[in-house]
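Q: Here's my sequence, what's the structure:
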Amino acid sequence: MHEALFQPLTMGALEAKNRIFMAPLTRGRAAEPMFTPNALMGTYYRQRSGAGMILTEATGVSVEGLGWPSAPGIWSESQTEAWTPIVEDVHEEGGLIVMQLWHMGRLVHPDFLGGNAPVSASVTTAPDHAYTPTGKKPYEPSREMTKEDINRTITDYRRAAENAKKAGFDGVQLHGANGYLVDQFLRDKTNLRTDEYGGSPENRTRFMREVLEALIDVWGADRVGIRLSPNGDSQGTDDSNPQVTFSAAAKVCEELGLAFVELRQPDENGTFGQTDVPQQDAMIRKIYSGALILNSDYGAQKADEDVSNGRCDAVSFGRPYISNPDLEKRIAAGAEFNPNKDVPKSWYFPIPEGYIDYPTMEEERAANAA
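A: I've put the predicted structure just below:
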């Protein structure tokens with residue numbers, strides 16, 4: 001069943017054993033000390049190592065870029081050392097694991113920055129509220145990044161990529177989606193600059209290109225990917241002409257020879273609270289010739305169809321992998337998925353429950369037979 005999903009896939013130097021990938025999922029378990037991975041996370045990723053490729057939860061490249069309570073970082077030696085056994089856990093199970101590198105830009109609340117303003121492409125304020133260690137608070141205005149800020153941030157990405165390599169990861173993915181820093185530079189609603197980093201779509205891709213070039217210097221293009229979300233508003237980050245903007249972004253990915261591009265996009269019925277959002281994957285597919293991964297609200301049948309017909313090369317599953325540590329085995333057997341329970345609390349609360357206690361298909365059958 002679903003034979004297309006169980007074919008191996010070569011993405012540059014990355015060899016995936018199947019095309020059922022685990023999407024990046026912020027889970028908030030790096031609680032004590034703050035931003036440092038732990039053994040609980042090792043168990044979680046080991047349980048899901050049957051995925052063709054694990055894309056880790058978004059991982060902060062710097063103090064300045066991380067504003068989510070109990071999310072992990074990769075900027076320090078202690079964080080790097082803490083990630084190492086997690087990677088080893090996955091490799092011992094024959095898994096492939098790639099780190100997603102994250103800078104939140106204007107979505108970092110000043111509470112994480114000693115009261116200082118967050119940085120972004122321009123002076124803007126995100127809608128809604130930020131999650132802070134002391135509860136939800138309104139976002140505050142960002143500070144426009146200077147050239148010095150941009151260079152310093154690219155250096156932060158480079159250091160994070162070097163640390164990911166030291167920890168033994170198989171590659172890195174740049175988080176360029178969901179309204180975070182790279183996305184804030186890409187889209188004209190949040191990039192109001194008039195210098196070489198703003199204005200035309202080509203200029204607005206410059207920051208993304210320069211970060212990717214730094215990652216490639218460390219890893220080689222054949223172990224570097226990116227996540228983009230070219231459809232609709234994302235955390236207040238939007239664009240007046242996404243087809244032109246993301247055509248330019250796709251050209252950068254093609255010119256640099258990235259191993260893979262993952263697209264966070266709505267299904268045909270619309271997601272992210274929007275409807276009738278145009279699909280951009282076909283346009284990107286025409287420009288970018290590497291492995292294309294699609295993500296968002298997929299079931300097994302639709303995923304198999306889209307891989308079979310060439311719409312994409314793999315599908316990354318998010319929420320189904322929260323409650324189904326052996327998701328690929330369930331798909332192979334045509335079995336039902338476990339539903340998520342106690343959500344959204346169990347998504348982010350730093351406890352084992354709702355994280356590593358979901359049963360595998362075999363454990364369920366054993367329990368039912370007892």
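Q: what's the spacing between stretch 356-370 and its chain's center?
A: 30 Å (CA atoms, centre = their mean, to the nearest Å).
Q: Please, where are all the strands along the stretch 51-200 of the chain?
A: Counting by DSSP state E, counting those that start in this stretch, the segments of the stretch 51-200 of the chain that form strands are 54-55, 59-60, 97-102, 119-120, 129-132, 135-138, 143-144, 171-175.
Q: Of all those, which one comes closest to Y298?
A: Closest approach to Y298 among the strands of the stretch 51-200 of the chain is made by strand 54-55 (14.6 Å; CB to CB). Placement of C-beta: from N, CA and C, glycine included.
Q: before we move on, back to that, looking at the strands of the stretch 51-200 of the chain, which is closest to N18?
A: N18 sits nearest to strand 54-55 of all the strands of the stretch 51-200 of the chain, at 12.0 Å, using CB to CB.
Q: could you dump the strands of the stretch 51-200 of the chain to TSV with mean neighbour count?
A: Shown next, in TSV, are the strands of the stretch 51-200 of the chain (neighbours: other CB atoms under 10 Å):
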stretch	mean neighbour count
strand 54-55	28
strand 59-60	28
strand 97-102	27
strand 119-120	26
strand 129-132	17
strand 135-138	11
strand 143-144	15
strand 171-175	26
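Q: Quick one: these as JSON lines, columns for distance to E162 and mean pLDDT too.
A: JSON lines is the format used below for the strands of the stretch 51-200 of the chain (distance: least, CB to CB, whole Å; pLDDT from 0 to 100):
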{"stretch": "strand 54-55", "distance to E162": "19", "mean pLDDT": "98"}
{"stretch": "strand 59-60", "distance to E162": "14", "mean pLDDT": "98"}
{"stretch": "strand 97-102", "distance to E162": "11", "mean pLDDT": "98"}
{"stretch": "strand 119-120", "distance to E162": "22", "mean pLDDT": "98"}
{"stretch": "strand 129-132", "distance to E162": "29", "mean pLDDT": "91"}
{"stretch": "strand 135-138", "distance to E162": "34", "mean pLDDT": "93"}
{"stretch": "strand 143-144", "distance to E162": "27", "mean pLDDT": "98"}
{"stretch": "strand 171-175", "distance to E162": "10", "mean pLDDT": "98"}
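Q: Looking at those strands, which is nearest to R193?
A: Closest approach to R193 among the strands of the stretch 51-200 of the chain is made by strand 143-144 (7.3 Å; CB to CB).
Q: so what does that closest one touch, helix or strand wise?
A: Using 3 or more CB pairs under 8 Å, 6 or more residues apart in numbering; DSSP states H and E, the elements in contact with strand 143-144 are strand 119-120.
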